[in-house]
Each structure stands twice: as C-alpha cells, then as structure tokens.
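Student: only geometry, no sequence info:
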C-alpha cells in the first residue's frame, strides 16, 4: 500500500506519517507539505519507506500527479472550512481512497454531498476520523447502545489542560496568524452560528450556550456548546434522535474568556485570526504561571452522553475512553486517522462513497485497533472504553 499524507510536516501530519510507516504492509509513505524542507525532514525521521515532497493543495495539476500514484490519501490540511472540500474533490476525481480529520460542520455537509460523485469514481472517503470527531462518534454509538430508545446524544471534550498542547497550537501556522489551523478552527466554531439537532430538526444556534446535564456516576456537570460535525452526522446513524450537539467541559472562567473573544469577532472588532492568536498567548501565560489549585471538571477528556429510556423508564448513559494516545492533541487526533490504513487494507466490501465514521465503522473493531496505541496496558476496546447507564427512578 502507498500512502500520501497531505500536511505531513505539520503537528497532526507527522503522527500520521510515523504511524503509517510502521505497518509492514505499507510500501511507501509520501510526506506532502507546502514546506518541502520540513517534509523531507519528517520523511527522514520516519525511515526508508518515507519520502518528502513540496505540494500546494491548491495546485490541481501537482495534486493530481501526487494522488494518482497512491492508494490512500490521509488529509491533515486545515482549517477544513477552507481546504477540506477542494482536497476531497481532487482525490475523488482521481478515484483514490481517502480519510481526514475534518472538524468543521460546514464542509462536512458539503463533503457528504459528494457521495454520488465518489460512488461513480469508485472512491471511498472516510471523513472526520480523529479525536472529535472520530473517537467521540464511536463513543456515541457505545452510549446509545446502552439504551433501548435514544432521544438525545451529546459528544464532548474537555478544554482543561489545553496548555499542554501549546507546541501543537503554535506549529503549522496558517496564513496571517501565529496560531495553528486547529486553534483557528476552534475560534471559527465558537463564533457566528452552529448547526445542531433540536426538537427533532436541524437548527442554527449560537455557540457557547451553557447547560447542565446529569452524568452517570458524577451528577450535575456544566457543558458549553461548540460547532462540530458530530451534531450533523450522528443523527444519520442514530435515526429518531430529537437532539444532538457537541459540547465542551472545563473551568467556567475559561469559557467566560472565550465568550468575550467570540463577541469581539462577531461584532467585527477583531478577526478570527486575531482571536486565535490571543488564545495562544493566553495558553502561553497559563503554561508559565505558577500552578494553582485545579478547578477542573471530573468528566473525561473525550466522552459521549445519551438520554432516553430503558425498559420504558427514563435513563442516561455515557461512554468514555480511559486513556488516549500520547502526544497531546496531535496524538489523540492523528493516531485514529492512521487507523484508516489497516481499516482500508481489510477492505469495506467494495464500498464507495463519502461516510462519517459512525456510518461505516464498527465501534468495537475501532476501539480494539486504538487500544494498543493508548497510554497504559490496554489490549482491547473492552479494557479501554468505560460505559455506564443510570435508570431514573429505578
């Protein structure tokens, strides 16, 4: 198998390169990046199978030449609301298989709309195979499976400890900002409107809405809404939902600061890039500041929560992973992406089209593959994934 990693010299891409090259059945890994020198350096570190090339994803002729000599394209070029749809279109036009870590809901809808085009080209695209979305989508299926009937699903992640990801936040700088594409994406999904499923239909809502949920084993937990693909893809797999959204947990004062930045962007006083730079500066100051008593949420870093019924009685359930791949945000996001390599090798029974993870992946198989890559001695998904269900009034 020959694997092309787009954005392979970035914080996310480097992990995907290393993981892909580790498979004995992979013959070649091409590290493609706008910065050819960095691509060559990453390739050298990855070993003899890897080679580095300079590649601009907006250069369609060069992209076609690179794509058509590979069997699988892994895309880490962000922010995806700028580049995601165009890159996928180019891969489909060549008829090659594809996976990415798209974490913006707007391009997710546009990419899913390319399903017929991908089928005609015999191309299979798996979009949003990262931490969130990706791991969270699989957790949503596990949480939902604990209930007889499911009304609402939330996927979530914690912002506590974000300063640990500061190197990733500074690397791979997009145009006109010192922040990474991941931070720019985050600000974009905290501003304007986001798409959620509410009252049985999709609606546009303001992000950073606060609510309180009952979390199994923990009791009341405050969560804040944020735009993400899970809200628009999970209802495709779990039909009959009346509500679905993505949320964050963490310290209330952190969200108060994000609300201020979001308001400044929404009113045109600063740009999304300015806000992203401000977040990076805040993270830097947090990392340098003396440690204080932590006021952190007890919820896991990545989780899914569901409400519905068991035996006709109201119930809630949750699913979370007990550990994650090392390397902070980059590891947690790109190790799941790299699982596309063995998954595509196993085949999807000649499936083609564009899919979210929950459309086509079995969660138990996914977590069995992920478990050995997580910190600790996890041999299977059963050891890695925690689930709980509470029946109200039982």
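Tutor: Okay, I see it. Predicted model only: the values in this text are computed from it and were never measured.

Student: show me where pLDDT drops low in the stretch 251-394 of the chain?
Tutor: By pLDDT under 70, the weakly predicted segments of the stretch 251-394 of the chain are 283-298, 349, 393-394.

Student: how about the strands in the stretch 51-200 of the chain?
Tutor: For the stretch 51-200 of the chain, the strands defined by DSSP state E, counting those that start in this stretch occupy 72-75, 97-100, 124-126, 149-158, 194-198.

Student: how far away is residue 327 from residue 12?
Tutor: According to Cβ to Cβ, to the nearest Å, residue 327 and residue 12 sit 10 Å apart. Glycine gets a C-beta too; all of them are placed from N, C-alpha and C.

Student: neighbour count for these two, which is higher?
Tutor: Per other Cβ atoms under 10 Å, whichever of residue 327 and residue 12 has more neighbours is residue 12, with 30 against 20.

Student: phi and psi next, for the residue lying closest to residue 135 once chain neighbours are set aside.
Tutor: In this structure, residue 135 finds its nearest non-sequential neighbour in residue 302, 5.3 Å apart by Cβ to Cβ, 6 or more residues apart in numbering. Backbone torsions for residue 302, taken as degrees, to the nearest 10, come to phi -130, psi 130.

Student: what's the answer for residue 200, then?
Tutor: Dihedral angles of residue 200 (phi, psi; degrees, to the nearest 10) stand at phi 80, psi 0.

Student: residue 235 versus that one, what's the distance?
Tutor: From residue 200 to residue 235 the distance is 10 Å (Cβ to Cβ).

Student: who does the residue nearest to residue 135 form a beta bridge with?
Tutor: For residue 302, the beta-bridge partners under DSSP bridges are residue 157.

Student: how many other residues sit next to it?
Tutor: The local packing of residue 302 (other Cβ under 10 Å) involves 21 other residues.

Student: same check, this time on the one 10 residues further on
Tutor: The burial count assigned to residue 312 is 9, neighbours taken as other Cβ under 10 Å.

Student: relative to residue 144, how far out is it?
Tutor: The gap separating residue 312 from residue 144 is 17 Å, by Cβ to Cβ.

Student: kindly report the same for residue 390.
Tutor: Going from residue 390 to residue 144 by Cβ to Cβ gives 15 Å.

Student: of these two, which one has the most company?
Tutor: Between residue 390 and residue 144, counted using other Cβ under 10 Å, residue 144 has the larger neighbour count: 22 against 16.

Student: list the contacts of that one.
Tutor: 150, 153, 238, 304, 306, 308, 317 (Cβ atoms under 8 Å, 6 or more residues apart in numbering).

Student: let's see 10 Å
Tutor: By Cβ atoms under 10 Å, 6 or more residues apart in numbering, residue 144 lies in contact with 150, 153, 234, 237-238, 241, 304, 306, 308, 317, 319, 358, 363.

Student: cool, residue 322 as well?
Tutor: Applying Cβ under 10 Å, 6+ apart to residue 322 gives the contacts 300, 371, 374, 375, 376, 378, 383, 384, 385, 386.
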